[in-house]
Each structure stands twice: as C-alpha cells, then as structure tokens.
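>>> Kindly generate the corresponding structure for this input.
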Amino acid sequence: MKKLLYIIALLFLVSCAQVGSLTGGERDTTPPKLVKSTPKNGDTLFKKTRIELTFNEYIELNNLPQQLIISPLVKPFPDAELHGKTVVLTFDTLLRENTTYTLFFGDGIRDYTEKNVWNENLFVFSTGNVLDSLQISGTVKNSSSLKGEDNMMVLLYSELQDSAVSTKIPTYFTKTRKDGSFKITNIHEGNYRIFALQDMNSNYLFDLPNEKIAYSKNPIEINKNVDSVLLASFLENHKKQDLSTKKYINQQAYSIAFSEKTKNASISVNKEKLHHIDRFNDGDSAVVWLNTLGDDETVQMTIKDVDFSDTLYFKSKEAKAQQNKKLSVIAQRKKREVLPYDSLKIAFNFPLKEINTQAIELTKDSVSVPFSASIMNYKMCVFKKVEEEENLQLKLYAGAITDIYGNSNKDTVVIPFAFLDESNIGQLLLKLDIQAMSGPYVMQLIASSGEIVKEEFFSKNNTTFSYTNLMPDEYKIKLLLDENNNKIWDSGNYYQHLQPEKIIYYEKPLTVRANWEMEIQWNVIGK
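Model (predicted):
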C-alpha cells in the first residue's frame, strides 16, 4: 500500500512540473561599469608602467589593438591581459613626463555574457601635476562629394614644418566618427598643425600616393577650446596621362581614349587621309574616321595633351582584319523622347552622308505625317512641328540612308519615339549671388541619374541661369570655384600647398515638375 501511494505521489509531482516552462526574463542591456582603477580616471603624477581597470562583472576584450586609441601615441602598443573582471595594460617603458594621456577604448571592452559595450570609455591621466583640458573639434568632409569621412585619422603636430606629417609621429590624434566629426581632448596649450589622413599602412605617416589627406593651411593656436574646424580631404593625382584605349573598330576607324581627364588634348592626322574626328565625353575619347585607304597604307596619328605625347600608326593591312559591320542604328533605349523645339537625333555605327526622304516614313496611328530630315554632325535629325504630345513611328526603308563610304541600309529600321510638348516639361530660373569669392566658376545642373544636364562657365558673381525644357526629375545644383580656369575640378597637392578646388551644392535637391516654372535665389558666401 505504501509503495502504491509513493508511485501516485511521484506521478502527481511529474504532472505538476509539466504545467509551465522556465523563461530567461528580459535581456540584460546594462553595460559594464568601472569600479576601480590604477590610476584613477583624472589622476595626476602617474609614474608607473602598468594600468589596471576593474569592472563590476566579467568582461572580454573585443579587438582591443584596433579599438584602443592612446593619445599622444605610445609605441610599442601596450600588452593587454584579461584577469576575470580586470584589464591590465603594461607599457614597455615609462611614459613621457608632464604629459596628459587619453585612452579611448571604443568598443574594445564589453561584458562576457550579453556583449554590452563599456560606454564610459574615455580614460584620462597625467604624468605631471597638471591635467591638460583644452580640446579641438570639427569635421572632415570629402572635397568632391562633401560627405563626412568615416574612420579617418585626425592628427595634431606640435612640429610645424610641412614635412612633419610624413616624418614625425603626431603629438595627438583621434579618428573620425561615421559623419566625419572628430574631437581631440586634453591638449596642452600651444600652436599645432592639423591634418586628416587615410592611413593605408597604419604607420601614422603620409607616405603613400593612395592615401587621402586633408590639412589646414596655417597653424592653429590652441589657448582655448577650438571648434568648427572644417577639413577637406582629397587624393592627390599622381597618375600620368596615357592612352587607355587605342584600337581599330573597323576598316576605316580607330578608337582612342585617354586614361585621365584631358586638359588640352589634340589629335593630328594627315588632312588628305582624314575624313573627320568624333570627340566624346569632353574630349577624353575619340574616333578617328579616315577616307578609304589602299590595301597597304599607313597613316600617322599624333596624340598630345599637357605633358603627354604619343604617335600611333593606322595600318590598312591590319585594319582589313576587322569585319566591317552593316550600317545600323546605335542601340538606345526602346522609346525615345524628344523635347519641344528639338529634333529626333539618330546615331549610326558609321557617319552619314546622304538621306533619301523618299524611303523614309513618319506615322502617327499608322497614318503618314509630314516631316523634314537632315544630317548634322554625320547623324540623322528628324524635325516636325509639334503642338501637343505625339507618339510617332519612324520607318527607314532599304536605301534610306548612306554613309560616308557609300554603304546604304539593307533592312527596314523602325524607331518608335514621342515628341513632347510644353506641358510635359518644366522650367527653372536660378538667380545666383556670390559674395567673398571671385571666379571663374563652373555651374552644373545634375539629374537624379548623375547625368550633367547643363554646364555653364562664367565669371560674374551675380548671374541668372534659365534652364528650359527640363524633364520632370529631382535635380542638384553644383557650383565649382575653377581657380585655374581649366573648366574641370582639380584635386589638391599637399607639398605644392594646393587645396582641392572648392565645391558648393545648393542646400537641397530641387524637384522639377511637368508644366511648372520654378524660381530660386541662391546666395553663396565664400569662406
């Protein structure tokens, strides 16, 4: 009987245990706290080579050599050991006398269980009897995009020579945050040079051609807190001009492309052999079209730019190996849109010479409509008077077009497109007033795709720009101070004391709507 009662009681306990389940409760999000340290945060007259930080819970180190910033810089980096709740940093030698040190731990210390990062992670002490308290703050922005530079070194030098950034270890340093902002604290009073550096080889020196740099032209006197320092980062252009492309594209044409932005490029070819040259992309690339050559002719081409010269040879025997393609339209988007008062421009793979309008038909809803056509810059242009938006279709029957070498199209080409009217487009009037700067300038209107829709070169500080026939879109307005008047943006060069050319964007993108006129006043004050 007792045995039976025992079994019943055991079954009862088991059934009770299955009623509910245990839960872990809410996740612990409390970061570890520093409860004891040697030295104490803010201490002076610290003379030892060992720092101990003890926390209220067990911790772990998270990539501490990359997370910990010690300023002024200490080499070699201290050994870091973990003993339960205590972090021990051991230096090889005594620290500098009468110096305030700041240790920023970043995300380098966190609790063991939930990985909560120690957030009171700035630790300061002095080896002298004074704790320096001055600071400097500001922002590092990319000189071209104007976006903040993330994780870039900011360096302060008490040595004021130009060469210090390439030969000396900085007196103080920190890293920028994601938005490009920075702050260096606990600085000793004095004059300093300030730099920002993308330190590609982690040696705290500007010594590689692929390292971005930013610098202030003049030393900064720090006898009180300094803020709002703005540094413009740039990559020096050490690349030499060259030809990235030089090849036959058919039996009469040669393609050339420069590796860098051209400054004053020229292409010289024997006039008797040359038909014409097509220049593209602001002159950075070109196609040289030659007259029909004999089976074994050589044509010399001289290509020049600033500090660059090359001689190429077009050999007809080699060019014959290229398969001449049939005359055809260069592929574009499926349906083309033509702005008011403009023409439909059609480019072919060979320059055009003649148009036979008898073999061309323009239709609207399958009904023929009148038009005119001509050749401009070796391309076909179709004109039509437009009073409202029209969806049209252009048909080029066999023999409609003939290129400069006497070849005609063999097949029918069908091109759908639309002539837009004024209700489809918008207008923008920009009134610009520039103060405390002097030109020349470059103004760019940039579509949401990044395409430069309009570009103007001017020198007056008070100028009005009228942008008509704009497709509905979101546009940016970009102003460039073109100091050397070469109509392109130039990067800086530190040892030549050249800052990158200044770029200013209008405060926000502008939304241009169909059948709408927008007027804005832009007041620019140079600094």
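
>>> So S423 belongs to a strand, correct?
No. Counting by DSSP: H, G, I helix; E, B strand; the rest coil, S423 falls outside a strand, being helix.

>>> isn't it right up against A514?
Yes. S423 is within contact range of A514, at 6.5 Å (criterion: CB atoms under 8 Å). For glycine as for every other residue, the C-beta is placed from the backbone atoms N, C-alpha and C.

>>> measure the spatially closest residue to V287 that is not a sequence neighbour to S259 for me?
Leaving aside its sequence neighbours, V287 sits nearest to D278 (CB to CB, 6 or more residues apart in numbering; 4.6 Å). Going from D278 to S259 by CB to CB, to the nearest Å gives 19 Å.

>>> okay, the two: which has more neighbours?
D278 (16 against 13; other CB atoms under 10 Å).

>>> Tell me which helix or strand that one sits in.
Assigned by DSSP states H and E, D278 belongs to strand 274-280.

>>> what does that strand contact?
252, 267, 269, 285-291, 351, 378, 404 (CB atoms under 8 Å, 6 or more residues apart in numbering).

>>> how about a cut-off of 6 Å?
Contacts to strand 274-280, defined as CB atoms under 6 Å, 6 or more residues apart in numbering, come from residues 267, 286-291.

>>> Most widely separated two among the residues you listed?
Put simply, by CB to CB the two of these set farthest apart are A286 and N291, 16.9 Å from each other.

>>> so how far is the first residue of stretch 142-153 from its last?
Start-to-end span of stretch 142-153 (CA to CA, to the nearest Å) is 14 Å.

>>> swap that for stretch 456-476, please
Span of stretch 456-476 from end to end, CA to CA: 14 Å.

>>> What of stretch 310-321?
End to end - CA to CA - stretch 310-321 spans 24 Å.

>>> Show me which residues of it are buried.
Buried residues in stretch 310-321, counted by 16 or more other CB atoms under 10 Å: 312, 314, 316, 319.

>>> Filter these down to just the ones in helices.
Secondary structure defined by DSSP state H assigns 316, 319 of those to helices.

>>> that older thread, next one: the strand holding D278 to chain centre, how far?
32 Å (CA atoms, centre = their mean, to the nearest Å).

>>> go on, stretch 143-154?
10 Å.

>>> tell me which element V382 falls in.
When elements are assigned from DSSP H and E, V382 belongs to strand 379-383.

>>> what lines up beside that strand in the sheet?
strand 344-346 (antiparallel), strand 372-376 (antiparallel) (DSSP bridges).

>>> Tell me which of those approaches L95 most closely.
strand 344-346 (71.7 Å).

>>> Flag every buried residue along the closest one.
344, 346.

>>> what's the distance between the nearest residue to F55 once chain neighbours are set aside and I425?
Distance criterion CB to CB, 6+ apart; nearest residue to F55, sequence neighbours excluded, is P32 at 4.3 Å. From P32 across to I425, the span is 62 Å (CB to CB).

>>> repeat for T90
71 Å.

>>> Name the residue in those two with the higher neighbour count.
Just comparing T90 and I425: by other CB under 10 Å the higher neighbour count belongs to I425, 20 against 13.

>>> close enough to count as contact, the more buried one and P472?
No. Assessed by CB atoms under 6 Å, I425 is found out of contact with P472, at 7.5 Å.

>>> anything in contact with each of the two?
By CB under 6 Å, 6+ apart, no residue touches both I425 and P472.

>>> quick check, nearest of the buried residues of stretch 310-321 to G106?
L312 (54.6 Å).

>>> So that closest one sits against Q300, correct?
No. The criterion here is CB under 6 Å, and L312 misses it with Q300 at 7.6 Å.

>>> before we move on, back to that, write the ChimeraX selection for whichever of the contacts of strand 274-280 are buried.
Filtering the contacts of strand 274-280 down to the buried ones (16+ other CB under 10 Å) takes a single ChimeraX command:
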select :267,286,287,288,289,290
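
>>> what about the residue nearest the centre of the chain, distance to K353?
Nearest to the mean C-alpha position of the chain, counting by CA atoms, centre = their mean, stands S145 at 5.3 Å. Using CB to CB, S145 is found at 45 Å from K353.

>>> any low-confidence regions in this protein?
By pLDDT under 70, the low-scoring segments of the chain are 1-25, 281-283, 324, 331-335, 385-389, 527.

>>> so the closest residue to T468 other than its chain neighbours is in which element?
In space, and not counting its chain neighbours, T468 is closest to Q427: 5.4 Å by CB to CB, 6+ apart. Assigned by DSSP H and E, Q427 belongs to strand 426-435.

>>> Good, we can wrap up now.
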